[in-house]
Structures are given as structure tokens and as C-alpha cells.
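Asker: model this:
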Amino acid sequence: MYQYTLAIHIIFVVSWMAGLFYIVRLFIYHTEANEKPEPERTILQKQFIIMESKLWNIITTPAMIIAVAAGMRMLQLNPGLLETDWMWVKLAFVAGLLIYHFICQNIISQLKRGRFWMTSTQLRLWNELATIFLVAIVFTVILKSAIDWLYGLLGLTVFAVIIMLAVKLYKRAREKQLK
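Answerer: Next up, the predicted model:
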């Protein structure tokens, strides 16, 4: 039973992450639609609202619920996991990912009301946070107690800085291309 639950957990984590990655890309395009002339702006924004809503309600949130439920079931089937340090580290990262999920839900709400409080560059940086959580969770699960947490944290920080620099370089290249 544990292996079947693990398979379900992995499948829906992949679906959840795909939804999180794509939703923020939609936020970026939705925000950049503000730069378009009318009526293109209004048409695009209405379409992005529909796309964001369907992605969120049909794929991302159900996948998150099933992934979390399967994870809880795995802990129920193997409660000894809660006695390991790595599992608590993983659960802390999962809690961060859940917070990220609900902040994205709030962004959907804001965009639906025409409130654009993040620039497309800020949203690109926001998008990378999900990648950082994913990398942290996967490395924690795969390496388990073999990981030296200090080196792991340092590596994660370096990875985050590299991603942030890549976003900044992309912004510069994009601005040069627009000129």
C-alpha cells in the first residue's frame, strides 16, 4: 500500500508543480498585457483571467490536495518517518510551498480585480521561488540524513542567487531587444 501511495504522491506533486510553474507565467503575461493598446489589452486580460481560473481550479489546487493527502497517508502508513530529521526539513519546505501556493491564489484574485502590484520582473523572480522549493525538497528526500545541512543550505543559497542573477540578465537582454 505504501508504494502505491508513494506513486500517487509523486504523480500529483509533479502536477502541482507544473501548475505552479505555469500559473506564474500566466501572471507575467497577464501583467505585460497592460502594455498593449486597446482593445488588445482588454481581450488579453479577459482571456488570462479565464486561463488562470481554469488552471488553478481544475489542475493546480486539486493536485496540491491529492499530493498533500497522499503524503499524510504515507506518514500514517510509516510513522517512523516522523522520527527522522530529514522528514522535518522536507515538511518545513512543503509548508513554505503551501504558503507560496496560497499567495499565488491571492495574486489570481488581485489580477482578476485589475490590481497589478507586482511587475513582470518581480513575477519572474517569484516564479523561481517554486523552483528553489522543488530543488530543496528533492535533495532533502533523496539525500536524507546523508546531507550535511550547513552545506545543503549554502548550496541552496548559491542556487537561489544564480537563479536571481539569471532573471536579471534576462531582463537586461529583453530590454535591449525592445530598443
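Asker: residue 110 and residue 36: what is the separation?
Answerer: Going from residue 110 to residue 36 by Cβ to Cβ, to the nearest Å gives 19 Å. Every C-beta, even on glycine, is put in place using the N, C-alpha and C of the backbone.
Asker: got the contact list for the residue most central in space within the chain?
Answerer: Residue closest to the average C-alpha location in the chain (Cα atoms, centre = their mean): residue 130, at 3.2 Å. For residue 130, the contact set (Cβ atoms under 8 Å, 6 or more residues apart in numbering) comprises 17, 20, 21, 24, 97, 100.
Asker: tell me which element it falls in.
Answerer: helix 120-143 (DSSP states H and E).
Asker: and that helix, how far from the chain's centre?
Answerer: 7 Å (Cα atoms, centre = their mean, to the nearest Å).
Asker: and residue 60, what does it touch?
Answerer: Here residue 60 is in contact with 15, 16, 19, 20, 23, 101 (Cβ under 8 Å, 6+ apart).
Asker: ok, and the closest non-adjacent residue to the last one?
Answerer: Closest residue in space to residue 101, ignoring its immediate chain neighbours: residue 64 at 5.8 Å, by Cβ to Cβ, 6 or more residues apart in numbering.
Asker: try the second one
Answerer: Counting by Cβ to Cβ, 6+ apart, residue 63 is the residue found nearest to residue 16 once chain neighbours are left out, at 4.0 Å.
Asker: Provide a list of residues in contact with the one you found.
Answerer: Applying Cβ under 8 Å, 6+ apart, the residues near residue 63 are 12, 13, 15, 16, 19.
Asker: check which residues of the helix or strand hosting the second one are buried.
Answerer: Using DSSP H and E, residue 13 sits in helix 2-32. Of the residues in helix 2-32, those buried under the neighbour-count criterion (16 or more other Cβ atoms under 10 Å) are 5-6, 8-9, 12-13, 15-17, 19-20, 22-24, 26-31.
Asker: where does this structure have low pLDDT?
Answerer: 145-153, 179 (pLDDT under 70).
Asker: follow-up on the earlier one: which SS class is the residue nearest to residue 16?
Answerer: helix (DSSP: H, G, I helix; E, B strand; the rest coil).
Asker: roughly how far apart are it and residue 39?
Answerer: Taken as Cβ to Cβ, the span from residue 63 to residue 39 is 35 Å.
Asker: residue 139 too?
Answerer: 47 Å.
Asker: got it, and residue 134?
Answerer: In terms of Cβ to Cβ, residue 134 sits 38 Å off from residue 39.
Asker: pull the most distant pair out of the contacts of residue 130.
Answerer: Pairwise distances across those peak at 13.1 Å for 24 and 97 (criterion: Cβ to Cβ).
Asker: okay, residue 134 and residue 39: which has more neighbours?
Answerer: Legend: neighbour count by other Cβ atoms under 10 Å for residue 134 and residue 39, higher for residue 134 (17 against 8).
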